[in-house]
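*Asks:* Quick one, what's the 3D model for this:
(2 chains)
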Amino acid sequence: MLIFRAEEHIDRWCETRNIKRGETLTPQQGWQLAYGWYKDKLKPEWGRHTLEEAEALLAGVGLTAPFWNLRD
Amino acid sequence: MTQPPSAVDAFARDVRLYVFGEAADTGRVPQPPEIAAALGHSQAEVEQALRQLAAGKVMILAPNDGNIWAANPFCAVPSAFQVEARGKTYWGICIWDALGIVAALGTDAVIRTVCGDCSEPMLLEIAGGKLKRSEGIIHFAVPAHHWWDNIGFT
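*Replies:* Modelled structure (predicted):
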C-alpha cells in the first residue's frame, strides 16, 4: 500500500505499470485501520484477528465495497 | 477444554515475543543468530520457529533465506516508510505498516515517506493517538482476499 500526493498521481502510477486501479483511503481511514489491526501486536496474548474481526475492522472504517471482501 | 501449548508452540511464542520486543525497543528486527543466542537455542530451532510463525502470517520471511523480512509492522530493512518515534527510527514495508508501527508502539510519531508516483516527500504526524497532520491518499492495488498471494507486492 502506497501513499500518493493526489488522485492523478495514483492514475499515473497505475497507468505506467499497467496495474488496475484499486481502492483508496484517506490517511485518517488508514490510521484507524492500522490502529485496529496492529495496536495489540506487541502484547504477549496477541493472536491473529479472526476473519470476522478483520471484516469488522474494515467495515468500521467504511471499507465495505467488494474490493475489501476477505473471503474467497 | 483448552489444550496446553506444545513445546514447539511455546518456543515459537518465545521467539515471537523476543523478535517483536527487540523491534519495538531498538527499531531493529533481530535475525536468527541473535535470536538463538538470546534464547539459548540452536539456530536451526529458531529458523523452524520462524517458519512456523511465518506460516501463521505472524511475520514475513525473506524469499531466499531464513531471515525475517518483516516482523510486520516492523520491517527489517530500510524502506520508503520511515517512522520516527521514541527517539528511534523504524521502518514499515508500506504506509499501512508505518501507521501500524505507531499503533503498536502507542506513542507519538512522525512518518516520513514519499509519493509512490513522483517521490516527493510526504509527512504524517500522530500525537495523542490522533492523526494530527497528514496529506495525500492511500491506494490499495490488491483486493483484500488476495493480499497474502504476494504480500511483498501488496
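*Asks:* Would it be right to say that residue B:35 lies in a helix?
*Replies:* Yes - assignment of residue B:35 by DSSP: H, G, I helix; E, B strand; the rest coil places it within a helix.
*Asks:* any idea how far it lies from residue B:23?
*Replies:* Counting by CB to CB, to the nearest Å, the gap from residue B:35 to residue B:23 is 11 Å. For glycine as for every other residue, the C-beta is placed from the backbone atoms N, C-alpha and C.
*Asks:* can you give me the strands for chain A?
*Replies:* Ranges of strands in chain A, per DSSP state E, are A:2-4, A:23-25.
*Asks:* In its sheet, which strands sit next to the last one, and in what direction?
*Replies:* Partners of strand A:23-25 in the sheet, by DSSP bridges, are strand B:137-140 (antiparallel).
*Asks:* same question, the first one
*Replies:* Partners of strand A:2-4 in the sheet, by DSSP bridges, are strand B:137-140 (antiparallel).
*Asks:* Okay, helices next: where are they in the chain?
*Replies:* Using chain A here. For chain A, the helices defined by DSSP state H occupy A:7-17, A:27-38, A:51-60.
*Asks:* right idea, wrong chain: chain B
*Replies:* Under the criterion DSSP H, chain B contains helices at B:7-26, B:32-39, B:43-55, B:95-105.
*Asks:* Quick check: which of those is buried the most?
*Replies:* Highest mean neighbour count of the helices of chain B: helix B:95-105, a mean of 27 (counted as mean count of other CB atoms under 10 Å in any protein chain shown).
*Asks:* Lowest-scoring secondary structure element of chain A by mean pLDDT?
*Replies:* Taking mean pLDDT, DSSP states H and E as the measure, chain A has helix A:51-60 as its least confident helix or strand, at a mean of 93.
*Asks:* List the buried residues of that one.
*Replies:* Neighbour-count burial for helix A:51-60, counted by 16 or more other CB atoms under 10 Å in any protein chain shown, picks out A:54, A:55, A:57, A:58.
*Asks:* elements contacting it?
*Replies:* Applying 3 or more CB pairs under 8 Å, 6 or more residues apart in numbering or on different chains; DSSP states H and E, one finds that helix A:51-60 makes contact with helix A:27-38.
*Asks:* So residue B:22 sits against residue B:30, correct?
*Replies:* Yes - taking contacts as CB atoms under 8 Å, residue B:22 lies within contact range of residue B:30: 4.7 Å.
*Asks:* in chain A, what residue sits furthest out from the centroid?
*Replies:* residue A:44 (24.9 Å; CA atoms, centre = their mean).
*Asks:* Which of the buried residues of helix A:51-60 sits closest to chain B?
*Replies:* Out of the buried residues of helix A:51-60, the one with the shortest distance to chain B is residue A:58. That distance is 7.1 Å, counting by CB to the nearest CB.
*Asks:* so that closest one makes contact with residue A:71?
*Replies:* No - Residue A:58 is beyond contact range of residue A:71, at 11.8 Å (criterion: CB under 8 Å).
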